[in-house]
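Undergrad: What follows is a predicted protein model with its sequence.
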Amino acid sequence: MKFLLALAVGLRLAAQTYVISTVAGGAPAPAVATATNLPLGGLGRVGSDRAGNVYFTALNSVYQLSPSGAVTRVAGNGTAGFSGDGGPATSAQLNSPQGVAVDSAGNIYIADMLNDRVRVVANGAISTFAGNGTSGSSGDFGDPTQAQLHLPMGLALDSSGNLYIADSANNVIRQISNGIITTFAGNHIQGFAADNNAATVAALSIPVDLAFDSAGNLYIADTGNGRIRQVNTSGVITTFVGGGSTYTEGGIPTASILGQPRGVAVDSSGNLFVTDTGTNYIYKVAGNKITTFAGNGSVGFSGDGNSATGAQINRPSSVVVDSSGNVVFTDSLNYRIRKITTSGTISTVVGNGITSYSGDGGAAQNALLSAPAGVAVAPGGIVYIADTNNQRIRMIAANGTISTVAGNGTPGFSGDGGAAASAQLSFPSGLAIDNAGNIYFSDTASQRVRKISGGNISTVAGNGNSGYAGDGGLATNAQLNSPIGLALDGAGNLYIADFSNQVVRKVTPGGGISTLAGTGIAGYAGDNGQAAQAQLNGPAGVTVDSSGNVYIADSGNHVIREVTPNGTITTVAGNGFAATSGDGGPATSASLAIPASVVIDQQGNLFIVDASANRVRVVNSGGIINTIAGTGTPGYSGDNGPALNAQFNNAFAIALDASGNLYIADRANNVIRLLQPVSSTPSAAVVTNGASNLTGPISPGETVTIYGNGIGPSDLAVYQSGSDIPMQTGGTSVSVNGVPAPVLYAWANQIGIQIPYEVTPGKGAITIQYGGRLSAQLPVEVASAAPGLFTLDETGAGQAVAMNEDGSLNAAGSPVTQGHVISLYLTGYGLIAPVVRDGAPNGPGSATPLQTVTATVGGLQAAVSYAGGAKGLPAGTIRVDIRVPSGVSGSAVPVSVQVGSAESQQSVTIAVQ
């Protein structure tokens, strides 16, 4: 049990302690809504049931549209992540859900794409139906929940209730029948091959949608091949639509060309409907003829109330035929769901053209953002946000209210010389603020950098044409190519991370443009030479220090580069390999994973958004790197606690204010996060459960972690295991309500202690002394119990530290069997009997909790056969043995333990077969 001791000690140390919170965004997805007022951020796919309901995925949720027009959320809580199996579906986390299918019993199947799972909602409760949560292609001929999927998208059910999955990144179609998963079509090799052969030997290319006809033939939107493929009831695959060189109205389907078919549906008469995002048409195939069913070929939004063939649509993606024969489709970049009646009239049934926008004039935390990709702080502390998919620049005032300062919400380019709030923007991203408060932003898709001054908008770089040209002339005549990050130096020079041109450009106060770094050819070369001769690969972020050194987030090379004032370029962080490693060592030996943004403070600390690693890291002035925020697991959690215990989801940009606070554009979570450094004077900021890492009440006997600054020795001190935990470690002592507490370890920013058993419920205080003097005091609330389960990755979420009955460590590859006993490990159990001394190891047969201990697995009660000490367990930790009930299975089944009325954290799982 040495690993449990390590977990109890909980050494997740950082150079500087930060507390995290959300300052903008995060308003919950609406539970019910008026259909045409619902914002459709993250709009996915559509499905239907026999009762006439249409289902669609958006806002990390699944919604039902009734025949009367009522919209109700039926799964997902709007927060990206994975949680909730065994509980109410509307409390669960999904991550970019896509396809939806509903069986004859009303069970709802969901392609939980970024979780690499298929979930099912039955009687309002959610569980995993397929996928173990890891990307891959294994598992055929076994339990679907033990199999691997990779970006599942479309779903379909046959007449027997078998489920089919468009396993898009594996380039196959999977089938689940009688509890067994197999490959139904595709050979796992991306390409096009083997028409008129068995479907399992054919090559597919990114299949994204599925549909059955009444005869049992399966149709596949084989997107990458530009075809609709058919697998007949004999298992033979053919091309049904596409593969030709031109499109002829009324022509033969297989002689026609398709662009990017992303949706397929069949009506009761056998007519086939295809949504083609590449051409912005919806086609109908009937009687071996293909015709245009919707769209006039012009991108835009128009035509509601009129013939569908005269309407403008914008990237139609998913399509379904409802029980009345109406064709319903996702008009993706119009952020609407539209319906075409049997008479051919088109209308909007859900959505108002907005992705996720609300809240202006109110508290920023109650607003809706959509994929924010930029953040900056102006003098005076005003925060600006590039609300990218809402086509706006927004501002958080000093009083916390949010408003729009630029953009009317319609993507495009217009408004220069006029009011910024009336202008059109096109996916704005990077931001920079000058000393006068002027706002510069990358209007990325319009290939420009624009400026807001005095409420008016203008262009300062880019002529709107994508390309690489114009150096030596005026910046407004130059060509840019997807500009992202921006920075300003003390002289007023503007630096642009010209992402797709593989360069960093410089615009002088006089308006001239030049290339500072990069040759325009993607690569990684040129260190220790002139920056203009070096190769970059996807420069996404840029910042400048007070000495004029320019730092570049060279995202595709997974490094940070520095350009000195004399033009020399070097690598200052990252070894060029995409990974997360190296904390505590030289930054140039560490691995980064698509670093997207950088900022530097006055002390020379360089902060990095390590985007794909879902972490924020810092390189100090001595060149040593550490993680200061993020567990590395994508999700949205941790607010109001230590930033190291928080989850991000594709964090993309970072900004720094004068007080050392860091603002993070947490893009896929649609929020702005704030990292506040704990004061450099001796202080304690927060206390968390040593297992769950959650803040809240503490309890007698619990192991807790205290985060602060200057609260212990500069070098980590840990007590020697095998004996009682001492009341002083590393010169640090702690008392709770005046009672000395055993100190497991002590360090300048973090201390681990056991709460003395003598402490009684109610208000309390923790007092810390280091070196014989008062270091910090912290008020706490003491409860009779505050249980927390230990997890393998120490974050308090995910796989529990659990031992199977055979002594093996529980994991996806080593599940416990239903009906067998599994051992969990817990702290925060409260008072015990008989009483033991504080800090004493919990040996076998030692004291057990006074309060009743119960447990649930997958939402079902699990019998507790033992709760108490065990050999090798450190003080403050007990073992809880439970018998896994029948009827639950999966690689991530929720488990919780209750002590009295207090329950452990909800995010812990075990693997069950």
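TA: Now that the structure is in, tell me what you want to look at.

Undergrad: ranges for the helices of the stretch 301-450 of the chain?
TA: Using DSSP state H, counting those that start in this stretch, no helices are found in the stretch 301-450 of the chain.

Undergrad: Which parts of it are strands?
TA: 316-321, 327-331, 336-340, 346-350, 374-377, 383-387, 392-396, 402-406, 428-433, 439-443, 448-453 (DSSP state E, counting those that start in this stretch).

Undergrad: Just list what the fourth one packs against, helices and strands only.
TA: So the one you mean is strand 346-350. If contacts are counted by 3 or more Cβ pairs under 8 Å, 6 or more residues apart in numbering; DSSP states H and E, strand 346-350 sits against strand 61-65, strand 336-340. C-beta coordinates here come from the backbone N, C-alpha and C atoms, glycine included.

Undergrad: List the strands paired with the last one, with their directions.
TA: It refers to strand 336-340. strand 327-331 (antiparallel), strand 346-350 (antiparallel) (DSSP bridges).

Undergrad: closest to Val118 out of the ones you listed?
TA: Of all the strands paired with strand 336-340, the one in closest proximity to Val118, counting by Cβ to Cβ, is strand 327-331 (19.5 Å).

Undergrad: can you state the direction angle for that closest one and strand 316-321?
TA: 160 degrees (axes from the mean of the first three to the mean of the last three Cα atoms, to 10 degrees).

Undergrad: what stretches of the stretch 751-900 of the chain score poorly on pLDDT?
TA: Within the stretch 751-900 of the chain, the ranges that satisfy pLDDT under 70 run 843-846.

Undergrad: the strands in it, which residues?
TA: 762-770, 773-782, 788-789, 798-799, 802-804, 821-827, 832-833, 848-849, 853-857, 860-868, 878-883, 890-899.

Undergrad: lowest-pLDDT helix or strand in the chain?
TA: Confidence across the helices and strands of the chain bottoms out at helix 2-9, with a mean of 48, counting by mean pLDDT, DSSP states H and E.

Undergrad: Could you pull up the residues touching the residue lying closest to Ser581 once chain neighbours are set aside?
TA: Closest residue to Ser581 apart from its sequence neighbours, by Cβ to Cβ, 6 or more residues apart in numbering: Ser591 at 4.5 Å. Contact analysis of Ser591 by Cβ atoms under 8 Å, 6 or more residues apart in numbering lists His558, Gly574, Asn575, Phe577, Ala578, Ala579, Thr580, Ser581, Gly582.

Undergrad: how many neighbours does the last one have?
TA: In other words, Gly582. 21 (other Cβ atoms under 10 Å).

Undergrad: Quick check: it touching Ser589?
TA: Yes. In this structure, Gly582 is within contact of Ser589 by Cβ atoms under 8 Å, at 5.5 Å.

Undergrad: any shared contact partners between those two?
TA: Asn575.

Undergrad: Quick one: the strands in the stretch 1-150 of the chain, in order.
TA: Under the criterion DSSP E, counting those that start in this stretch, the stretch 1-150 of the chain contains strands at 18-25, 32-34, 46-48, 54-58, 61-65, 70-75, 97-102, 108-112, 117-122, 125-130.

Undergrad: So which elements touch the longest one?
TA: Packing partners of strand 18-25 (3+ Cβ pairs under 8 Å, 6+ apart): strand 383-387, strand 392-396, strand 625-629, strand 671-677.

Undergrad: CA-only coordinates of the second one in CSV, if you can.
TA: To tie it back to what came earlier, the one meant is strand 392-396. Only the C-alpha atoms of strand 392-396 are listed here, as CSV (Å, rounded to 0.1, in the frame of the first residue of the first chain):
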residue,chain,number,x,y,z
ARG,A,392,-17.9,39.9,-31.1
ILE,A,393,-15.4,41.6,-28.8
ARG,A,394,-16.8,41.8,-25.3
MET,A,395,-15.7,43.7,-22.2
ILE,A,396,-15.9,42.9,-18.5
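
Undergrad: Report the strands that pair with that strand, each with its relative direction.
TA: Checking strand 392-396 against DSSP bridges gives partners strand 383-387 (antiparallel), strand 402-406 (antiparallel).

Undergrad: rewinding a little: buried by neighbour count, from the contacts of Ser591: which ones?
TA: His558, Gly574, Asn575, Thr580, Gly582 (16 or more other Cβ atoms under 10 Å).

Undergrad: Domain-wise, how is the protein divided?
TA: 2-12+684-782, 28-350, 364-677, 788-912 (automatic domain parsing).

Undergrad: Out of these, which gets nearest to Tyr357?
TA: Nearest of these to Tyr357, taken as Cβ to Cβ: domain 364-677 at 4.3 Å.

Undergrad: thinking again about what came up before, same list (the buried ones among the contacts of Ser591) but as TSV, adding distance to Thr72.
TA: As requested, these are exported to TSV (distance: Cβ to Cβ, whole Å):
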residue	distance to Thr72
His558	44
Gly574	47
Asn575	50
Thr580	40
Gly582	48
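
Undergrad: now, which of those residues sits nearest Trp747?
TA: Nearest member of the buried ones among the contacts of Ser591 to Trp747, counting by Cβ to Cβ, is Gly582, at 19.9 Å.

Undergrad: how many neighbours does the residue lying closest to that closest one once chain neighbours are set aside have?
TA: Nearest residue to Gly582, sequence neighbours excluded (Cβ to Cβ, 6+ apart): Ala590, at 2.5 Å. For Ala590, the neighbour count with other Cβ under 10 Å is 27.

Undergrad: Same question for the one 3 residues further on.
TA: Neighbour count of Ala593, defined by other Cβ under 10 Å: 20.

Undergrad: how far away is it from Pro586?
TA: 18 Å (Cβ to Cβ, to the nearest Å).

Undergrad: Span of stretch 422-442 from start to end?
TA: 17 Å (Cα to Cα, to the nearest Å).

Undergrad: any idea of the mean pLDDT in that stretch?
TA: In this model, stretch 422-442 has a mean pLDDT of 97.

Undergrad: Report the distance from it to the chain centre.
TA: Centroid displacement of stretch 422-442 relative to its chain, using Cα atoms, centre = their mean, to the nearest Å, is 25 Å.

Undergrad: If you count neighbours, what's buried in that stretch?
TA: 423-433, 439-442.

Undergrad: center of this protein - which residue?
TA: Residue closest to the mean C-alpha point of the chain, counted by Cα atoms, centre = their mean, is Asn649 at 2.9 Å.

Undergrad: Settle this for me: it is touching Ala668, isn't it.
TA: Yes. Under the criterion of Cβ under 8 Å, Asn649 makes contact with Ala668 at 3.8 Å.

Undergrad: residues contacting the nearest residue to Arg227 once chain neighbours are set aside?
TA: The shortest distance from Arg227 to any non-neighbouring residue, by Cβ to Cβ, 6+ apart, is to Gly242 (3.7 Å). By Cβ under 8 Å, 6+ apart, the contact set of Gly242 is Asp222, Asn225, Gly226, Arg227, Ile228, Pro253, Thr254, Ser256, Ile257, Leu258, Pro261.

Undergrad: which residues are common contacts for Asn649 and Ala668?
TA: Common neighbours of Asn649 and Ala668 (criterion: Cβ under 8 Å, 6+ apart): Ala80, Pro634.

Undergrad: need the contact list for the spatially closest residue to Ile625 that is not a sequence neighbour.
TA: Nearest non-adjacent residue to Ile625, counting by Cβ to Cβ, 6+ apart: Ala587, 4.0 Å away. Residues near Ala587 by Cβ under 8 Å, 6+ apart: Ile560, Val572, Ala573, Gly574, Val619, Gly623, Ile624, Ile625.
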